[in-house]
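> Fold the following and give me the result.
(one chain, ligands or ions: 1)
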Amino acid sequence: MSKLTAAITGVGYYTPPDILSNADLEKMVETNHEWIVSRTGIEERRILKGEGKATSFMGAEAVEQLLEKTGTDPLEVDLIICGTVTADMIFPDTANQIAYKTGCKNAFGFDINAACSGFLFSINTGAQFIETGKYKKVIIVGADMMSSIVDYEDRATCILFGDAAGAVMLEPNEEGLGIQDSVLRADGVGVQYLNMKAGGSLIPASHESVDAKLHFAYQEGRTVFKYAVKGMVSATQDLLTQNEMKPNQVDWIIPHQANLRILESVAHMMDFPIEKVLINIAKYGNTTSATIPLCMGENEKKFKKGDNVVLTAFGGGFTWGSTLLKWAYDPK
Ligand code: UT7
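Numbers count the residues shown, from 1 in each chain. Okay, the predicted model is just below:
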């Protein structure tokens, strides 16, 4: 019997309709459109608004679209894994709420918190459940409502982040398509440079923690930038080396979208033509766990069955890695 691989068989995504432009931010903090575009490549981002709407709302919208596109009955879904750092609540998990909202009554689920590598770590986790042969339909969601943890008085972070969700279906494949290999890494040294300090067990919520703004995302941008370029390049190089591939054999790179300059540096250092690097940061900013499935969904029509696609991400923790997959279908 041939080895089962886990293949992506569909992509769905959701972006909220409300736009926060650079011009809007100019009215909120001391910044300007030119600085933001030249330093990050971001022109606007989406913000989720509405009573009772949070990360699971966006995740559920993305999953609904995915179920419709793939013609899947929600009752067939075995498992939902949600990469997120902005769970609706500390518990229960967001995957659980997404399953509930989408009628995936037979699915179990859980969240993975790996910051901007959340989708990458989640898809690799989900693939294991397929490769054992035990599960047939596993949905991987990347969803984040970053606007809920961004300080809109801190110009160093509020210009970067936005809200979105994306979802892919993983199914068993016997033609050798789908996920081929991955290099996944983590280094706790990153905690000091990128974090949200309060609300966990170290600093539970208190009046003091709120007054000190410890419930917002904190980032030492310049340091994270350097680690991000190094991490994505080294993981991708290791991945290609262990699969005896040259950069010119890669058809598409779908990177986590944190900063256009990071993506340009990675492309340059890896000798990837920039046209192969899929980029949509101008419209959405950094949507943390959602960037890769959102970018994949927007570019789905470009992919052909058999294309070599590399996913790569870097985020808080630090966490980072790269995954090689063979695209498994010709999009309709
Ligand atoms: O997704 C998870 C991983 N995250 C990342 O990969 C993000 C990595 N970091 C970055 O993308 C960049 O470091 C930032 C976009 C966050 C910042 O860009 P930078 O080129 O590293 O700027 P900087 O922090 O070195 O700041 C340069 C200057 C500073 O002024 P001085 O000290 O040189 O006078 C900042 O105060 O730019 C100033 N500055 C701003 N000016 C206008 C910082 N934010 C702004 C702003 N508007 N919004």
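
> Point out the residues in the stretch 51-200 of the chain that sit beside the ligand.
Listed as neighbours of the ligand in the stretch 51-200 of the chain under the rule C-beta under 6 Å from any ligand atom: 116, 155, 156, 159. Where you see a C-beta, it was placed from the backbone N, CA and C, and this is true even at glycine.

> Contact partners for the second one?
Meaning residue 155. Residues in contact with residue 155, defined by C-beta atoms under 8 Å, 6 or more residues apart in numbering, are 25, 29, 30, 31.

> List phi and psi for residue 138.
phi -120, psi 130 (degrees, to the nearest 10).

> Surely it and residue 76 touch.
No. Here residue 138 lies out of contact with residue 76, judged by C-beta atoms under 8 Å, at a distance of 11.0 Å.

> Quick check: beta-bridge partners of the closest residue to residue 238 other than its chain neighbours?
If the residues on either side of it in the chain are set aside, residue 238 comes closest to residue 183, at 4.7 Å by C-beta to C-beta, 6 or more residues apart in numbering. Beta-bridge partners recorded for residue 183 (DSSP bridges): residue 322.

> quick one: which of residue 138 and residue 76 has more around it?
residue 138 (26 against 13; other C-beta atoms under 10 Å).

> so what's that one up against?
Neighbours of residue 138 in contact, by C-beta under 8 Å, 6+ apart: 6, 77-81, 126-127, 129-130, 169-171.

> For the residue nearest to residue 238, which residues are in contact?
Counting by C-beta under 8 Å, 6+ apart, residue 183 has contacts 235, 236, 238, 239, 242, 321, 322.

> Give me the residues contacting whichever strand or helix holds the third one.
Which is residue 238. For residue 238, the element it lies in under DSSP states H and E is helix 221-242. Helix 221-242 is contacted from outside by 156-157, 181-185, 190, 193-194, 246-247, 250, 253, 255-256, 258-259, 261-262, 265-266, 269-270, 310, 312-314, 318, 320-324, using C-beta under 8 Å, 6+ apart.

> would a markdown table of the contacts of residue 155 with pLDDT be doable?
Converted to a markdown table, these look like this (pLDDT from 0 to 100):
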| residue | pLDDT |
| --- | --- |
| 25 | 98 |
| 29 | 98 |
| 30 | 97 |
| 31 | 98 |
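
> quick one, strands of the stretch 101-250 of the chain?
108-112, 138-145, 163-173, 178-186, 194-195, 218-219 (DSSP state E, counting those that start in this stretch).

> Which two of the residues of the stretch 51-200 of the chain next to the ligand have the greatest separation?
116 and 155 (20.2 Å; C-beta to C-beta).

> wait, doesn't residue 298 sit right on residue 280?
Yes. Taking C-beta under 8 Å as the definition, residue 298 is a contact partner of residue 280 at 5.7 Å.

> which one of the residues of the stretch 51-200 of the chain next to the ligand is nearest residue 276?
Nearest member of these to residue 276, counting by C-beta to C-beta, is residue 116, at 20.9 Å.

> Tell me who's in contact with the nearest residue to residue 129 once chain neighbours are set aside.
Once flanking residues are discounted, residue 129 sits nearest to residue 135: 4.4 Å by C-beta to C-beta, 6+ apart. When contacts are counted by C-beta under 8 Å, 6+ apart, residue 135 touches 78, 79, 129.

> State which one residue of the stretch 1-150 of the chain is found closest to the ligand.
residue 31 (3.3 Å; C-beta to the nearest ligand atom).

> Now do residue 99: how many residues are near it, please.
For residue 99, using other C-beta under 10 Å, the count is 26.

> Do I have it right that it meets residue 109?
Yes. The criterion here is C-beta under 8 Å, and residue 99 meets it with residue 109 at 5.2 Å.

> Now do the shared contacts for those two.
In contact with both residue 99 and residue 109: residue 80, using C-beta under 8 Å, 6+ apart.

> can you map out the helices along the stretch 1-150 of the chain?
For the stretch 1-150 of the chain, applying DSSP state H, counting those that start in this stretch gives helices covering 22-26, 33-40, 55-70, 94-102, 118-131.

> Summarise which helices and strands the shortest one is packed against.
When contacts are defined as 3 or more C-beta pairs under 8 Å, 6 or more residues apart in numbering; DSSP states H and E, helix 22-26 sits against helix 33-40.
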